[in-house]
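J.: just the structure for this:
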Amino acid sequence: MTQFTKVTLPDIGDFQEVPVVEILVNPGDEVEQETPLLVLETDKATLEVPAPQAGIVRELHVKVGDKISQGSLIVTLATKGADNQVAPTLSTDAAGADMQLAANTDKVLASVKTPAPVAGRGEIHAEVVVLGAGPGGYTAAFRAADLGKQVVLIERYSTLGGVCLNVGCIPSKALLHAAKTLTEAKEADLYGVRFSQPEIDISKLRAWKEAVVSKLTKGLSTLARQRKVTVLHGTGKFVHPHLIEITTAEGIKTVSFDHCIIAAGSSVARIPGLSEDDRIIDSTGALALAGIPERMLILGGGIIGLEMATVYHALGSKISIVERMAQLIPGADADLVKPLYKKLNAGCEAIYLNISVSRIESDKEGLQVFFEGEQAPEPQRYDRVLVAVGRKPNGKQINAEAAGVHVDERGFITVDKQMRTNVAHIFAIGDIVGNPMLAHKASHEGKIAAEAIAGHKVAFDARTIPSVAYTDPEIAWMGLTETEARKQGVAYEKAVFPWAASGRAITMAREEGMTKLLFDKDTKRILGAGMVGSHAGELIAETVLALEMGADMQDIGLTIHPHPTLSETVLFAAELAEGTITDLYMPKK
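T.: Down below sits the predicted model:
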């Protein structure tokens with residue numbers, strides 16, 4: 001016999017008018033006893049309201065944003081009585097419709113023994129499923145597991161770590177380390193140390209790079225096992241607001257979930273119309289290190305392109321760079337890029353600015369590249385072309401619309417400060433939610449999403465996200481740039497300390513660098529910082545902390561730094577701002 005059970009909000013303690021932040025079920029969903037129906041948010045925590053018994057959701061009586069108290073009507077459940085006969089136990093309204101619903105509900109309850117995945121239950125069920133195991137995804141999964149959640153982590157690669165660890169950040173830094181060794185050996189002649197011409201065993205270098213990646217991916221697998229995180233390898237796509245279908249090597253698997261964190265990342269952006277040729281490669285192809293081309297063109301003067309230019313130039317390739325903007329690394333201030341441009345210009349065959357590639361023609365002898373722009377060069381022939389024009393989000397590749405998640409025309413997913421999408425139980429982090437597309441941003445967002453799901457009062461509130469180009473010299477910046485300050489009309493002052501006055505930089509024969517601090521004209525609080533020079537990526541962290549803590553120039557200037565170090569350049573820049581520096585002579589105004 002089918003009955004209709006009116007479910008009301010039970011006693012949740014000393015709380016009244018509690019807002020509904022998430023609805024976890026839809027009319028027609030089958031629920032078990034204790035299945036969460038909705039989520040409330042008090043000033044202390046989030047609370048899940050469970051179903052008091054099994055049944056089928058007949059009607060929802062609340063929506064997101066409603067404020068409810070003990071006794072408020074939440075849902076109506078169609079439940080099965082003591083016998084199996086269809087007996088219309090009805091409310092007084094709409095008796096005919098209810099009789100039909102009762103009959104249909106009995107049929108469903110009688111026939112369904114194992115819930116079908118499309119009805120909201122998969123072969124595997126997770127409290128939290130994370131789609132993508134890059135730096136953001138595995139961080140989110142591990143944090144959720146640490147907070148007591150049962151977690152499933154889905155990754156398209158055969159190993160954890162995503163693009164960053166497998167074919168991005170980590171292998172590129174391994175090769176950049178090798179490139180730095182080659183460059184330093186060559187430059188040591190400056191101070192009387194001479195090395196014979198190095199022999200490059202490309203196979204051994206490739207194996208070493210792959211060993212670095214393997215060590216880290218195996219470490220992640222160990223961390224997943226220690227936390228009892230279930231890992232599934234395959235391509236995941238949404239088929240339902242609470243269900244993901246995964247195409248694996250063993251076939252199709254389905255995972256249902258209470259909450260989901262989308263960490264599906266981004267893919268290499270491609271230029272339409274370029275011919276298909278194995279000699280036209282992206283960053284993944286460049287990192288594969290299939291060989292060392294004699295002449296190589298880098299399409300794109302951003303961070304990825306310049307890092308690969310650094311690697312292949314050190315390995316012996318003749319490098320040219322083409323950038324459609326007026327400077328390399330357009331997001332950084334021009335004064336920071338200048339020392340890098342000077343060094344690259346001295347070592348590269350050519351750097352073309354304000355120039356684009358119109359087409360590439362392939363033949364047996366190589367790749368004939370045609371340029372366009374006011375000062376476009378004549379067509380040039382290269383052995384290989386690296387396309388490094390950026391990345392695009394993977395929002396269109398995961399069928400997020402099937403879950404009701406809004407994806408914009410570019411493939412980005414909009415989230416709030418808790419990383420929550422427009423579908424309350426689905427979160428998104430990393431490249432897929434917007435720029436900057438950086439691993440450390442994704443990791444921070446992953447923790448926030450996991451903690452929000454666990455009921456913590458958290459939000460994304462970072463005042464800045466640092467950027468680093470691991471070129472030679474390195475460039476790093478954070479906070480406000482001068483370009484942004486001028487656009488925004490921010491009244492700022494700056495202090496620039498040249499590394500030519502740094503004892504440590506001089507002893508390293510790397511005095512081309514500089515450290516710049518931007519600060520508020522009135523309060524002298526730090527607004528931004530930029531550095532170019534050896535280890536700039538390591539040095540920027542101090543200024544990030546200073547900005548987060550609201551430090552001013554005096555705070556930094558009174559902080560004793562070790563001597564002689566490159567970190568002193570931050571101190572000296574602050575002392576310049578304060579007018580207390582002794583390592584430079586500053587004429588009195």
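J.: drop to CA atoms for contacts and neighbour counts, all remaining ones
T.: Fine.
J.: give the next helix or strand downstream of the host helix or strand of residue 136.
T.: Using DSSP states H and E, residue 136 maps to helix 135-146. Heading C-terminal from helix 135-146, the first helix or strand you meet, by DSSP H and E, is strand 151-155.
J.: rewinding a little: what's the helix holding residue 136 packed up against?
T.: Helices and strands touching helix 135-146, by 3 or more CA pairs under 8 Å, 6 or more residues apart in numbering; DSSP states H and E, are strand 124-131, strand 151-155, helix 162-167, strand 251-262, helix 439-453.
J.: just the buried positions in the longest helix belonging to the chain, please.
T.: Ranked by residue count under DSSP state H, the longest helix found in the chain is helix 202-226. Under the neighbour-count criterion of 16 or more other CA atoms under 10 Å, helix 202-226 has 206, 209-210, 213-214, 216-217, 220-221, 224 buried.
J.: could you do stretch 167-180 as well?
T.: 167-168, 170-176, 178-180.
J.: ditto for stretch 391-399
T.: Quick answer for stretch 391-399 (16+ other CA under 10 Å): 392-396, 398-399.
J.: first to last residue in that stretch, what's the distance?
T.: 19 Å (CA to CA, to the nearest Å).
J.: any idea of the mean pLDDT in that stretch?
T.: Taken as a whole, stretch 391-399 has a mean pLDDT of 95.
J.: quick one: residue 329 from residue 336, how far?
T.: 10 Å.
J.: sorry, wrong one. I was asking about residue 378.
T.: 30 Å.
J.: these two - which one has more neighbours?
T.: residue 336 (22 against 10; other CA atoms under 10 Å).
J.: pLDDT on the strand or helix carrying the more buried one, on average?
T.: Residue 336 is part of helix 334-347 when elements are defined by DSSP H and E. For helix 334-347, mean pLDDT rounds to 96.
J.: next secondary structure after it?
T.: Counting by DSSP H and E, what follows helix 334-347 is strand 350-353.
J.: give me the helices and strands touching that following strand, please.
T.: strand 318-323.
J.: alpha carbons of the strand it packs on, as PDB, please.
T.: Output of strand 318-323 as PDB, limited to C-alpha atoms (Å, rounded to 0.1, in the frame of the first residue of the first chain):
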ATOM      1  CA  LYS A 318      68.600  27.900 -33.000                       C
ATOM      2  CA  ILE A 319      65.500  29.600 -31.600                       C
ATOM      3  CA  SER A 320      63.200  32.300 -33.100                       C
ATOM      4  CA  ILE A 321      60.200  33.700 -31.200                       C
ATOM      5  CA  VAL A 322      57.100  35.300 -32.700                       C
ATOM      6  CA  GLU A 323      54.600  37.200 -30.400                       C
END
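J.: quick one: strands adjacent to that strand?
T.: Strand 318-323 has its sheet partners listed here by DSSP bridges as strand 295-299 (parallel), strand 350-353 (parallel).
J.: run through who's touching the last one.
T.: Contacts of strand 350-353 with the rest of the structure, by CA atoms under 8 Å, 6 or more residues apart in numbering, involve 319-328, 345, 376.
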